[in-house]
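Chemist: take a look and give me a structure for this.
(one chain, ligands or ions: 2)
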Amino acid sequence: MSSSRTRLDVLLSEAARGDRVALARLLSVVERGGEPSRSLAGLAYRYEPPYTVGLTGAPGAGKSTLTNRLITSARKGWPESGRDPEPVAQAAVLAVDPSSPFSGGAILGDRVRMQDHATDPSVFIRSMATRGHLGGLALAVPDALRVLGAAGFPLVLVETVGVGQMEVEVAAAADSTVVVVTPGWGDSMQANKAGLLEVADVFVINKADRPGAREARRDLEQMLDMSHPGSWRPPVVETVASTGEGVDHLWAEVSRHRAHLRTSNDLGRRRRDRAAHVLRRVVTAVVLDQVRLVADGEAFARCVREVDAGSLDPYTAAERLLGDGSAWGGTGPWHPGGA
Ligand SMILES: Nc1nc2c(ncn2[C@@H]2O[C@H](COP(=O)(O)OP(=O)(O)OP(=O)(O)O)[C@@H](O)[C@H]2O)c(=O)[nH]1
Ligand SMILES: [Mg+2]
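Modeler: Ligands and ions are numbered 1, 2, ... in the order given. Down below sits the predicted model:
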């Protein structure tokens, strides 16, 4: 075991014993990417991932306020496990902003909104940005979840700002995905309604104290009527996160979804699909890296000159560059335009 890996191993056991500084360090390793984050993945992926609840929605929809309340409900335990559910010993919150590489502003705002738990040692709150992780947040978030799992967190809430494709992808790294909308949401999310519908396991109409909640519900139910009739129809829950109204009900629906995933075997299938998705992304990122390496080389420059001079066509040139497969780890000859 290399020395950096030993150091990570030590940090991981410290984090598992409740050392929050060690845990924060490990998540910084994930964010920074590179060799250390690969070593860390080698350790963290051996552990069971935490149960992950994703919350996504437009900026200002009330996700952080809702997350803050949801932790309180969640700590009481999973309602579907009986009348006196076992409390969830500790929970973590990851706040992710895919639109910005640095989330300093978001950290501050989220800390304020989640201050109910700021001094609670069994709640860990952290903003995530990517500074160098290969594949960006789409890979950094799953890695961070594994680190939290290895540190012994049974439950993680992931708040993602935004409703674009990237945000939806980050949200889809969750076991249960909660899509947060507000009254009058329809117009602002026209572009990606289909994407949201695809990932939502539970819909929340937050700010239900404002006019238009009933119309928003009608809109959502209509959309759900027209979409695929799977075995799980996403429930629509109304909440007022600022007062906490409806939040226990929301948690009960999340819990019901978790029970559904378990009894239908969908949890295993989802996690396998996600592993395939993550692996595809890693392979893509590695291949692109190799392409960059080839394109920066002297042989490539020589080929460019020859193609430019008309003494070589680009296909033969590519074959020459990749032909013996050495650039791909010796996996055999490359054939342009065919499998
Ligand atoms: N009226 C009303 N206001 C709410 C409700 N929930 C949250 N707010 C307010 O809405 C504002 C935004 O709430 P946040 O929780 O920061 O929303 P967010 O979705 O996390 O925002 P970003 O992380 O910036 O995307 C705050 O001023 C909250 O107090 C609600 O149910 N009703
Ligand atoms: Mg927020």
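Chemist: contacts, neighbours, all on C-alpha from now
Modeler: OK.
Chemist: pLDDT of stretch 196-215, averaged?
Modeler: Stretch 196-215 carries an average pLDDT of 92.
Chemist: first-to-last residue distance for it?
Modeler: End-to-end distance of stretch 196-215 (CA to CA, to the nearest Å): 18 Å.
Chemist: from the middle of its chain, how far away would it be?
Modeler: Distance, stretch centre to chain centre, for stretch 196-215: 21 Å (CA atoms, centre = their mean, to the nearest Å).
Chemist: could you pull out the helices for this protein?
Modeler: Taking DSSP state H, the helices of the chain run over residues 3-16, 20-32, 34-44, 63-75, 104-113, 137-150, 165-171, 185-188, 193-199, 213-226, 247-263, 266-295, 298-309, 314-322.
Chemist: contacting residues around the second one?
Modeler: With CA atoms under 8 Å, 6 or more residues apart in numbering as the contact definition, helix 20-32 has outside contacts at 8, 11-12, 14-15, 36-37, 40, 124, 126, 128-133, 140, 143-144, 147-148, 151.
Chemist: kindly report the same for the third one.
Modeler: Contacts to helix 34-44, defined as CA under 8 Å, 6+ apart, come from residues 4-5, 8-9, 26, 29-31, 132-134, 143, 146-147, 149-150.
Chemist: ok, now the first one?
Modeler: Contacts of helix 3-16 with the rest of the structure, by CA under 8 Å, 6+ apart, involve 21-23, 26, 36, 39-40, 43, 150-152.
Chemist: coming back round to it: in PyMOL, select just the buried ones from the contacts of helix 34-44.
Modeler: The PyMOL selection below is limited to those of the contacts of helix 34-44 classed as buried (16 or more other CA atoms under 10 Å):
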select buried, resi 5+8+9+26+29+30+31+132+133+134+143+146+147+149+150
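Chemist: on that earlier part again, and the furthest pair within the contacts of helix 3-16?
Modeler: The most widely separated members of these, counting by CA to CA, are Pro36 and Gly152 (20.9 Å).
Chemist: and the two? which has more neighbours close in?
Modeler: A count of neighbours by other CA atoms under 10 Å puts Gly152 above the other of Pro36 and Gly152, at 22 against 16.
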